[in-house]
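**Q** no sequence on this one, just coordinates:
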């Protein structure tokens, strides 16, 4: 039986950092369901595979209010001219700019958002090798631990990235595989 | 009948000596497509499809490489350009490319409809093809843009 996304809020009450392993085929539906569950509280959404514009469009289509969501967008700057920040969106130069990404996320963590959604660890591997990605995650989780922010890290369930998923599991409080109960 | 015998260093189709003059004439009017992508697997896949369908194919590993190859004399009718690649951002290279060359973006990145329209309003951008794409859809689009 598949894990129910409806439990995600409860899981985050018990575990501050969660690694969510998602089947790629249902990924686009699952990201909507998760934000739906968490909406109402303040969310910092880090996107590494869609523009914030695409996410806002997707969430609005699904009747999700985006007023409480601040985006850290590492995609838009690579394809169009955008300022460093604009109307609830903070732009990072590229998904591979780990230091810049880390600095911006750390700033947000200090603002004590209720939730931080990191979408996704799998995308980082397109730009960086496993070791720097694992180091980035470990450092980010440590910063989150010093705050009250609850964080969900997405990872796509792909065989080639099993090692990163296993390694990342050591840094977070809980690993949830959406394909398993 | 044209036979594909081997590929040159620029991946252009070389036609067999057995081909008639008529065939050769026909092949000189083959449309030239340049694939610009940093993912070798993507390049191989798209290249194979296009070659099989009678197009000449050029390749470049990033936007800068594409610009250099065009400056050096390559004359594609259409560039299939991955929108996100390492090196100089694609949006900075596009204005430097000749206006006569049509460009279609290939994108694994999802954008909003409004962003897509904005991208299509720039210079010679003629299409936005979302990855992963259906082979037949890609061919249909290429055919629509440059003809077969």
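**A** That came through, no problem. It should be emphasised that the depicted structure is a prediction, and the values quoted were computed from it without experimental measurement.

**Q** Where does pLDDT dip in chain A?
**A** Applying pLDDT under 70 to chain A flags the ranges A:1, A:181.

**Q** Give me every residue in it lying close to chain B.
**A** Within chain A, the positions near chain B by CB under 8 Å from any CB of the partner chain are A:49-51, A:53-54, A:56-57, A:75-76, A:78-81, A:96. Placement of C-beta: from N, CA and C, glycine included.

**Q** From those, keep the buried residues only.
**A** Buried members of those, scored by 16 or more other CB atoms under 10 Å in any protein chain shown, are A:49-51, A:53-54, A:56-57, A:75-76, A:78-80, A:96.

**Q** out of the residues of chain A next to chain B, which are inside helices?
**A** Among the residues of chain A next to chain B, the members found in helices (DSSP state H) are A:53-54, A:56-57, A:76, A:78-79.

**Q** Let's have the residues of chain A next to chain B in CSV, adding distance to residue A:154.
**A** Written out in CSV, the entries for these read as follows (distance: CB to CB, whole Å):
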residue, distance to residue A:154
A:49, 10
A:50, 12
A:51, 17
A:53, 19
A:54, 16
A:56, 18
A:57, 19
A:75, 15
A:76, 19
A:78, 20
A:79, 21
A:80, 24
A:81, 28
A:96, 18
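
**Q** Please, where are all the strands along chain A?
**A** Taking DSSP state E, the strands of chain A run over residues A:17-22, A:43-47, A:69-73, A:85-86, A:89-91, A:115-119, A:150-156, A:174-177.

**Q** nope, chain B is what I meant
**A** Assignment of strands within chain B using DSSP E yields the ranges B:4-7, B:13-15, B:32-36, B:56-60, B:78-82, B:102-107, B:125-130.

**Q** so what does the fifth one touch, helix or strand wise?
**A** On a contact count with 3 or more CB pairs under 8 Å, 6 or more residues apart in numbering or on different chains; DSSP states H and E, strand B:78-82 meets strand B:32-36, helix B:63-71, strand B:102-107, helix B:135-146.

**Q** that older thread, which one of the buried ones among the residues of chain A next to chain B sits closest to residue B:55?
**A** Closest approach between those and residue B:55, by CB to CB: residue A:79, at 26.2 Å.

**Q** circling back to that earlier point, out of the helices and strands packed on strand B:78-82, the one nearest chain A is which?
**A** Of all the helices and strands packed on strand B:78-82, strand B:102-107 sits nearest to chain A, with 7.8 Å by CB to the nearest CB.

**Q** Against chain A - does stretch B:97-114 have any residue that ends up touching it?
**A** Yes: counting by CB under 8 Å from any CB, chain A is contacted by stretch B:97-114 at B:107-114.

**Q** Now for the residues you listed: which two are most distant?
**A** Of all pairs drawn from these, the greatest distance, 19.3 Å, lies between B:108 and B:114 (CB to CB).

**Q** Pick out whichever of these two has more residues nearby.
**A** A direct count of neighbours by other CB atoms under 10 Å in any protein chain shown for residue B:108 and residue B:114 places residue B:108 higher, at 15 against 11.

**Q** which residue sits closest to the more buried one, ignoring its sequence neighbours?
**A** Distances taken as CB to CB, 6 or more residues apart in numbering or on different chains place residue B:131 nearest to residue B:108, at 4.3 Å, with adjacent residues excluded.

**Q** Just to check, that neighbour is in contact with residue B:105?
**A** No: using CB atoms under 8 Å, residue B:131 makes no contact with residue B:105, being 10.0 Å away.

**Q** on that earlier part again, and the residue nearest to residue B:108, how far from chain A?
**A** Computed as CB to the nearest CB, to the nearest Å, the residue B:131 to chain A distance reads 11 Å.
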